[in-house]
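S.K.: Sequence and computational prediction follow.
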Amino acid sequence: MANVLVCVKRVPDTAGEVLLSADGLSVDARHVGYTVSPHEECAVELATQVAEATGGRATVLSVGSEDAVEQLRNALAVGCADGVLVEADADLLGPADVAAAVAGVVREREAGGLSYDLVLLGNDAADTGDFQVPVRLAYALGRPVLTGISTCEVQDDRLLARGDGPDGTEVFELPLPAVVAVMEGGVSPRYPSIPGRMKAKRAPVETVALTAARQGSGRVRLKLPPSQPSSVEILGEGPEAAPAVVDLLTRIGVVGR
Amino acid sequence: MILVLVETDAQGATLVSREALTFARETAARLGDQPVHAAVVAPLEESMATLVMKQLGEQGVAVVHTADDERLTTYAAAAHAAAVVDAVRAEQARMLVAAGTPRGNEVLAHVATRLEVAMAANVVAVDSVEPLVVTRQVLGGSALEEMRLDDAVAVLSVAGHACDPEPAEVPTAPERLGYTPSVTDQDLVARVARTEVTVVDDTAALTGARVVVGAGRGAGGPDGFKDLLELTELLGGALGVSRVVTSLGWRPHHEQVGQTGSRIAPDLYVPCGISGAIQHWAGCQSAKTILAINTDRDAPMVTKAHYAVIGDLHEIVPAINEELRRRK
Amino acid sequence: MGRVPDAARVVVIGAGIVGNSLAYHLARLGWRDIVQIDKGPLPNPGGSTGHASNFIFPVDHSREMTDLTADSVRQYKELGVFTESGGFEVARTEARMQELRRRMSSAKAWGIESQLVTPEQVAERVPYLDPSVIIGAFWTPSVGVVDSLRAGTLMRERAQELGALQVVSTVEVVGLDVERGRIRRVRTTGGDIEADTVLIACGVWSPKLAAMAGASIPLTPAVHQMISVGPVPQLADTVGEISFPIIRDMDTFCYERQHGGDLEVGSYAHRPILHDPEDIPSIDQAKLSPTEMPFTADDFDPQLEQALELMPDVLGNPAVEIRYAINGLLSLTPDGYPILGETPEVKGLWSAAAVWVKEGPGVGRAVAEWMTHGNPEYDLHQSDVARFYPAQRTRAHVKARTSESFNKTYGIVHPSEQWASNRDVRLSPMHQSERGLDAVFFETVGWERPFWYESNAGLLGEYGDAVMPREAEWDSRWWSPIINAEHLAMRERAGLVDLTAFAIFDVVGPRAMEAVQGVVVAQVDVAPGRVVYTSVLDERGGIRADLTIMRLAEEHYRVVTGGITGNIDRTWFADHLPADGGAQVVDQTSAWTTVGLWGPRARDILGSVTNADVAHEAFPFGRCRRIEVGPVSVIASRISYVGELGWELYAPMEQGARLWDLVREAGAPYGLVPVGIGVYGTTGRLEKGYRAHGAELDTERTIVEAGMMRPKVKDADFVGREAYLKQRENEPQAVLCTLTVDDHTSADGTQRYMLGGEPVVTPDGRPLVDGHGRRSYVTSAGSAPSLGKHLLMAYLPPAEAVVGTKLAVDYMEERYPVTVAAADATPLFDPENHRIRG
């Protein structure tokens, strides 16, 4: 049996053009709403799979405002059993702060008799892209950490994980407990079902206060990159353009190799 | 001193590491002609070491720190980080720079944690040196953040292609300083056990395909995919469709590309009769080259594409197929 | 980005279902040089059409909406984009079953095949529905789904094939230039277009566009939540988009609709979520499209639970996943009707907004006809953009009413149901006094009008059963027998009616007579001091308005018309003024209040508060003059809409309270009672055979059919004269009749009273169809307390329009015998009009 803690972050959905808040310190998400990163969706899926396979419990955690309960519920709807919200203004926290907050919950639950053999996170947050919380968390907990992991499974007390490396799929085997940062691509996150949503509504969500000291993110302000003008090259109109198309395909190496 | 963590591959120092070196050299100049050192952690064959030393000399590196520990041959982020920390401490580096690759970011995260300092990932520019403020990519590159780094050692990774790898005006003959890193067994727990050659299976055919032919409402109906499928086959690719196509039941859901379908990153994407709603764009924007076929010159898919052919896909695609068969 | 041409005959802004349909119909009607623009890409520019659920239920209680929907279905079918699926509106409660029975009335009245069925019959066609949750359903086989994007593309293509249309996508309008009250130019990101006709078909963005020209399109973007779940095993083997009927779960305000292998669940049950048009994201800012907002799951969760009850096997299956969920934006208006027609503020600027997919092509045709001939085939007065008074165009009003109306989308709405929000906006000067009399206020275009006075409850004892009490809750909802008691007291003694909600405007200037003469049917070249009741026709001879005109002086006419149509009527007059400025229209609505004093004792009462001679010889019927009532200078007009001796008394607004009090005091010894609009608008007029605009009279009806033909037609030309002369020569296609209900007893013994809108049929239940192809239905219904009868008005085929003909009316799925009591305008009460002339 392996208990899994999976961490998600409520982030603005950035499918559209980004709008900044008036003070330039955060993203205005009113048109696009909030989501979690695809990495975290995969982490939730893996957490659920590991918990199902081992008969353990999957807990979903978020550090953020009370609105982040929405993201917790979404994870609860696809198989997590309970949720923890560390209530804080995530925009004011740096990766070290977030790692300390998560570590605090892991330790507290351990003291309460529930130990998490595996902590899963997204490889990097979709908004801040710090690439640090999993590593800093692992150090805080004194555990080994893997990043860029696509799939993982628990066999006895060991973790078997795979991720894409420069030369192919890298395989890792290490003892539990461990921290793993998940990269999308290895599993397809499931969509919630209606019974899942119902269950999520009733699932317990514990709210805890942020206690650790704040180091901050160092953010001065956000800004937008200059927009890219269209640089499309029209190869032609109608079927007469076919030779030009095949020339292009040859040039970029798609055909004629 | 600015220390740059250099990654290597079969061609020596990687392109992005050389970009990081250029970035570091330019920053060092602004810090008052600080020297640039390099750290090469993974053990190198002697011939490779010579090549790397030469490349680093072209980048104006003064000293190259090479860790001497066979255990580092297999990648383990914590162990590599331990070796880097040794170099930082030994030389009292003011700044540690690496390429913003998965490994670069991972090792830097370990180093920053060990040094108890902040880290800035995917930096594209140094805005000021006193205080040190950098601009870095956030939100997957769709926004930028100005971030202040106040710690004794500034740890930052440089976003890929943030600058071109320019050789230094005055090449150097770098000094090579070998050292024995203080790697513990604990640092080696999370290491690559083995590497498998990736095999793309059928279910991942779309997400892993090098060429994807896309089809939208312009296909016209469930029977409108014959030519598109032929093109897909001729190019050895996979078919991807827009949401409307699956919504209308013309094609199965697993072929959908977009927000609610698969996200693809092929070498070539050929969207045919797809207007390019944002929800579709979200799934295909990582394609290296986009060749759009559309009747509407102003369709977003066309304006965002690299190349386009204007017209009816039912006329153009058969002509391309014919041309491909002819040239084969 | 596209470039627009420098000039166009007409610019259609918007390429959703409405703009596309308009472009096509304008082209079909002969327009050329049409330029259609949209800020989005084609074929889906990102408006509400792009995410519409695209299904159509044809039956609506409103004839106007049903007509537009039926025409749309015909067009979708002709375009080959309609798939018939059939549809059930299911009931979980008895109250809803009653509503479905009422829906059957509307279906029969408008000629749409529908049927009430059992839960088991629903389950036969929709095997994944749990029949134990419902108690019955309303089945309409002609329900179907459309491909509205494809329809739009086809319509654009047809217009292009006619060489009439140029389409420019991805250009955004940045300004609309108006010169001397006329649209001149559309400024866009792709250049400027000179045009003197511009059409706004921009859905949720329309208010923003209209504001660029200083006009108003009072709608609000509102969220409609929808999710799509799948893959549904029960739907796996079906072919095409839809093969199972659509379910509307009326009591939970939800629908479930198959879409290929998926099931879409939509809701109108969540809290109203309104947006400002200015806050809709741009195409680039939006996640999916500008009108597909982020889904707010909390709002939808209660609906999921209810949907799960209805379809446990599908929705309870853990393998069936929520694949897509949006807060889709659609347009809501304060009264639920579209906003169509030329804006009253800017000539040449047209609106076709707040239109859903189900009525899009119909609206396109109707507005194109309107722009071409001045009139659509269907009467569209409920949707006319000119209907809104300034107070109704305010954002506060729009938000309040749309918040309230959103949950009525699938609600059970009584025909007399009153709005709860944003009341007390237009108050008559006697409002405080009326409150003291425990008036029950109904609202009309913002005005608070006493419908009856609870203080008159004592009259109930006086008249006993003559007040015709109603047993059934539905029949007596928003009604009181006090109305009938007030009626009887007025007929017996006298009644005083607050008529402040009248719309009043003057036509003044040296050419005022000519101007009015050219608009109205009746002769207005009359002496000052005359009052003329007249119809106003459109060019085809349809009845455009129905109003009274006082000639106050040589160059001064005062037009008095109903509050509901007042703004439209004033716009019509203003649009038909002589071009040289020889006559002007001046709105007086907020300047003058009106009270009506009628009944056998009216002369005694008025005579006691004025020195003016009000004897019949001195002040005959159809005259108006200035009199003094105490310190109040009053224009008294001797006419009546209730069939009694009496006057309409016009006073400056600020003196209205004093006038009211003076007349009430003077009337006390004569037994004067305050009388509500229940009498004025229904019982009083029905007994007298008086027609009401919007019920009996609209642009689809003629003076001949309405039985309002006078012996002669004036020589002076007027709008519609030629058509009217032709109508007079031919036999009418339908005849407006008054019918009495012969027996009110329902199957369970309850006495039932029709409220209007019910089908009139043969005694054995066959529909009656008039020469226009319209079915006969009740246009007005109400008590005739002086006759002890319940009266109905209806247009009948000429063959049935014979006094004494026995027919029937279908009400709540039961049939009641009726008899034709009048086949023309002859009053059933006081047919010789002795009382009025007394």
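M.R.: Received, thanks. The structure presented is a predicted model; accordingly, all values stated were derived computationally and were not measured. Numbers count the residues shown, from 1 in each chain, chains lettered A, B, ... in the order given.

S.K.: Going by C-alpha atoms from here, please, whenever you check contacts or count neighbours.
M.R.: Will do.

S.K.: Look at the residue of the stretch 101-250 of chain C found nearest chain B and give its secondary structure.
M.R.: Distances between the stretch 101-250 of chain C and chain B by CA to the nearest CA are smallest at residue C:241, namely 5.8 Å. Three-state call for residue C:241 (DSSP: H, G, I helix; E, B strand; the rest coil): coil.

S.K.: any idea of the pLDDT on it?
M.R.: Turning to residue C:241, the model gives it a pLDDT of 85.

S.K.: Now for the residue in the stretch 101-250 of chain A positioned nearest to chain C: which residues touch it?
M.R.: Nearest residue of the stretch 101-250 of chain A to chain C (CA to the nearest CA) works out as residue A:193 at 4.2 Å. Residue A:193 makes contact with A:77, A:78, C:229, C:315, C:316, C:317, C:318, C:319, C:320, C:321, C:322, according to CA atoms under 8 Å, 6 or more residues apart in numbering or on different chains.

S.K.: Can you report phi and psi for the residue of the stretch 101-250 of chain C closest to chain B?
M.R.: phi -70, psi -40 (degrees, to the nearest 10).

S.K.: before we move on, back to that, partner residues bridging the residue of the stretch 101-250 of chain A closest to chain C?
M.R.: Note on residue A:193: beta-bridge partners by DSSP bridges are residue C:321.

S.K.: And it, how far from residue C:321?
M.R.: 4 Å (CA to CA, to the nearest Å).

S.K.: same thing with residue C:742?
M.R.: Residue C:742 is 58 Å from residue C:321, where distance means CA to CA.

S.K.: Which one of the two is surrounded by more residues?
M.R.: Set residue C:742 next to residue C:321 and count neighbours by other CA atoms under 10 Å in any protein chain shown: residue C:321 wins out with 23 against 16.

S.K.: ok now the top strand by length along chain B, how far from the chain's centre?
M.R.: What stands out as the longest strand in chain B, according to DSSP state E, is strand B:119-129. Distance of strand B:119-129 from its chain centroid, counting by CA atoms, centre = their mean, to the nearest Å, is 17 Å.

S.K.: Tell me the helix or strand right after the worst-scoring helix or strand of chain C on mean pLDDT.
M.R.: Between all helices and strands in chain C, the lowest mean by mean pLDDT, DSSP states H and E belongs to strand C:292-293, at a mean of 88. Sequence-wise, the next helix or strand downstream of strand C:292-293 (DSSP states H and E) is helix C:297-310.

S.K.: Contacts for whichever helix or strand comes after that following helix, please.
M.R.: Next along the chain after helix C:297-310, taking DSSP H and E as the criterion, comes helix C:312-315. Here helix C:312-315 makes contact (CA under 8 Å, 6+ apart) with A:193-195, C:128-130, C:229, C:232-234, C:307-308, C:320.

S.K.: How far off centre is helix C:312-315?
M.R.: Distance, centroid of helix C:312-315 to centroid of chain: 40 Å (CA atoms, centre = their mean).

S.K.: Likewise for stretch A:127-138?
M.R.: Centroid separation for stretch A:127-138 versus its chain: 10 Å, with CA atoms, centre = their mean.

S.K.: ok, and what's touching that stretch?
M.R.: Contacts to stretch A:127-138, defined as CA under 8 Å, 6+ apart, come from residues A:11-12, A:95-96, A:98-100, A:102-103, A:121, A:123-125, A:144-145, A:147, A:178-181, B:105-106, B:109-110, B:113, B:119-121, B:137-140.

S.K.: Can you name the residues bridging to residue A:165?
M.R.: The bridge-partner assignment for residue A:165, based on DSSP bridges, gives residue A:168.

S.K.: Can you report how many residues lie near it?
M.R.: Residue A:165, neighbours per other CA under 10 Å, totals 18.

S.K.: Pull the contacting residues for residue C:791.
M.R.: Per CA under 8 Å, 6+ apart, neighbours of residue C:791: C:686, C:687, C:738, C:739, C:740, C:741, C:781, C:782, C:783, C:784.

S.K.: picking that back up, closest to residue C:540 out of the contacts of residue A:193?
M.R.: Nearest to residue C:540 among the contacts of residue A:193: residue C:229, at 51.0 Å, using CA to CA.

S.K.: Near chain B, which residues of the stretch 1-150 of chain A are found?
M.R.: Residues of the stretch 1-150 of chain A lying close to chain B (CA under 8 Å from any CA of the partner chain) are A:14-18, A:96, A:126-132, A:135-136, A:139, A:144-148.

S.K.: and residue C:22, which of the three is it?
M.R.: Classification of residue C:22 using three-state DSSP returns helix.

S.K.: where do the helices sit along chain B?
M.R.: Assigned by DSSP state H, the helices in chain B fall at B:15-30, B:46-58, B:77-91, B:102-115, B:205-208, B:226-234, B:243-247, B:278-284, B:300-304, B:313-327.

S.K.: Next one: the closest residue to chain B within the stretch 551-700 of chain C, what pLDDT does it get?
M.R.: Nearest residue of the stretch 551-700 of chain C to chain B (CA to the nearest CA) works out as residue C:700 at 40.2 Å. Per-residue confidence for residue C:700 comes out at a pLDDT of 93.

S.K.: give the contact list for it.
M.R.: Shown in contact with residue C:700 (CA under 8 Å, 6+ apart): C:377, C:378, C:379, C:542, C:543.

S.K.: same thing but 10 Å
M.R.: C:375, C:376, C:377, C:378, C:379, C:380, C:540, C:541, C:542, C:543, C:544, C:772 (CA atoms under 10 Å, 6 or more residues apart in numbering or on different chains).

S.K.: and those residues, which are buried?
M.R.: Among these, those buried by neighbour count (16 or more other CA atoms under 10 Å in any protein chain shown) are C:375, C:376, C:378, C:379, C:380, C:540, C:541, C:542, C:543, C:544.

S.K.: Just give me the closest of those to chain A.
M.R.: Distance to chain A, by CA to the nearest CA, is smallest for residue C:380 among the buried ones among the contacts of residue C:700, at 35.5 Å.

S.K.: Skipping its backbone neighbours, what lies nearest the closest one in space?
M.R.: Nearest non-adjacent residue to residue C:380, counting by CA to CA, 6 or more residues apart in numbering or on different chains: residue C:64, 6.5 Å away.

S.K.: contacting residues around that neighbour?
M.R.: Residues counted as contacts of residue C:64 (CA under 10 Å, 6+ apart) are C:70, C:110, C:337, C:378, C:379, C:380, C:381, C:382, C:383.

S.K.: Point out where the stretch 1-150 of chain C drops to low pLDDT.
M.R.: C:1-2 (pLDDT under 70).

S.K.: coming back round to it: can you flag the buried ones in the contacts of residue A:193?
M.R.: Buried among the contacts of residue A:193 (16+ other CA under 10 Å): A:77, A:78, C:229, C:315, C:316, C:317, C:319, C:320, C:321, C:322.

S.K.: picking that back up, make a PyMOL selection of the buried ones in the contacts of helix C:312-315.
M.R.: In PyMOL syntax, the buried subset of the contacts of helix C:312-315 is picked out as below (16+ other CA under 10 Å):
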select buried, (chain A and resi 193+194+195) or (chain C and resi 128+129+130+229+232+307+308+320)
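
S.K.: Widest-spaced pair of the contacts of helix C:312-315?
M.R.: Across the contacts of helix C:312-315, the longest distance by CA to CA is 19.0 Å; it joins A:193 and C:130.

S.K.: what ranges of the stretch 151-257 of chain A fall below the confidence cut-off?
M.R.: Low-confidence segments of the stretch 151-257 of chain A, defined by pLDDT under 70: A:227-228, A:257.
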